[in-house]
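Undergrad: After the sequence you'll find the predicted model.
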Amino acid sequence: KAGVTQTPRYLIKTRGQQVTLSCSPISGHRSVSWYQQTPGQGLQFLFEYFSETQRNKGNFPGRFSGRQFSNSRSEMNVSTLELGDSALYLCASSLGNDRYEQYFGPGTRLTVT
Amino acid sequence: AQTVTQSQPEMSVQEAETVTLSCTYDTSESNYYLFWYKQPPSRQMILVIRQEAYKQQNATENRFSVNFQKAAKSFSLKISDSQLGDTAMYFCAFMKGETSGSRLTFGEGTQLTVNP
């Protein structure tokens, strides 16, 4: 069974631009979670989607948004990019019901200049 | 809010020896799960082992085992017969019971180096 895939793997953007990252979960998984990893703040939870609905949300500004499609694929969008948004963005999927283990994708490295 | 603390930023061990990584957590929840993830230089986060809080028996996965002390809120990871491929950043993580959805709270991480 294929693992979690994320595209693109690397991205360079300029301050003020917006960016969209994509995540395809493991087949059959209905929950997709997003995390931001930075050297200073560590791993922080952004949000979780389950059956196309946001089920959990972390403490990030409204510039960070996401959505999930009927095939469970998820996208996250960051608008008006700031230098501090430079990070590794990790996506994780799980079955979402009584099976809770999360499996991570390889991440998208975003650099904001 | 839950917090997870890993007090050892770096550790090293000789190949074939045993090493224990420490983790403590703070929560008022009664139903939760604990995990150890490893992140090698490739940055791919890999699930190592999980523990359900309601289970008294410590989880084991091949060379990896945990010492779960619920009253002390401690969750340490023991790696036996360490291998060079175990070199990675190890994260301890907490998740509330499944009715709350999937949200992991991570510790700061412990960089483990296995020396030949």
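TA: Arrived safely, thanks for sending.
Undergrad: Name whatever forms a beta bridge with the spatially most central residue of chain B.
TA: Centroid check for chain B by CA atoms, centre = their mean gives B:Trp36 as the closest residue, at 3.0 Å. For B:Trp36, the beta-bridge partners are B:Ile49, B:Cys92 (DSSP bridges).
Undergrad: Spit out the contact partners of it.
TA: Shown in contact with B:Trp36 (CB atoms under 8 Å, 6 or more residues apart in numbering or on different chains): B:21, B:23, B:47-50, B:64, B:66, B:75, B:77, B:90-93. No exception for glycine: its C-beta is placed from N, CA and C like everyone else's.
Undergrad: I'd like these as JSON lines, with neighbour count appended.
TA: JSON lines is the format used below for these (neighbours: other CB atoms under 10 Å in any protein chain shown):
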{"residue": "B:Leu21", "neighbour count": "22"}
{"residue": "B:Cys23", "neighbour count": "27"}
{"residue": "B:Leu47", "neighbour count": "16"}
{"residue": "B:Val48", "neighbour count": "20"}
{"residue": "B:Ile49", "neighbour count": "20"}
{"residue": "B:Arg50", "neighbour count": "18"}
{"residue": "B:Phe64", "neighbour count": "16"}
{"residue": "B:Val66", "neighbour count": "25"}
{"residue": "B:Phe75", "neighbour count": "28"}
{"residue": "B:Leu77", "neighbour count": "24"}
{"residue": "B:Tyr90", "neighbour count": "23"}
{"residue": "B:Phe91", "neighbour count": "25"}
{"residue": "B:Cys92", "neighbour count": "26"}
{"residue": "B:Ala93", "neighbour count": "24"}
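Undergrad: a markdown table for these, including pLDDT and distance to B:Arg103?
TA: Below are the contacts of B:Trp36 laid out as a markdown table (pLDDT from 0 to 100; distance: CB to CB, whole Å):
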| residue | pLDDT | distance to B:Arg103 |
| --- | --- | --- |
| B:Leu21 | 98 | 23 |
| B:Cys23 | 98 | 18 |
| B:Leu47 | 95 | 16 |
| B:Val48 | 97 | 19 |
| B:Ile49 | 96 | 19 |
| B:Arg50 | 94 | 15 |
| B:Phe64 | 98 | 24 |
| B:Val66 | 98 | 21 |
| B:Phe75 | 97 | 17 |
| B:Leu77 | 98 | 21 |
| B:Tyr90 | 98 | 20 |
| B:Phe91 | 98 | 15 |
| B:Cys92 | 98 | 15 |
| B:Ala93 | 97 | 10 |
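Undergrad: That'll do, ta.
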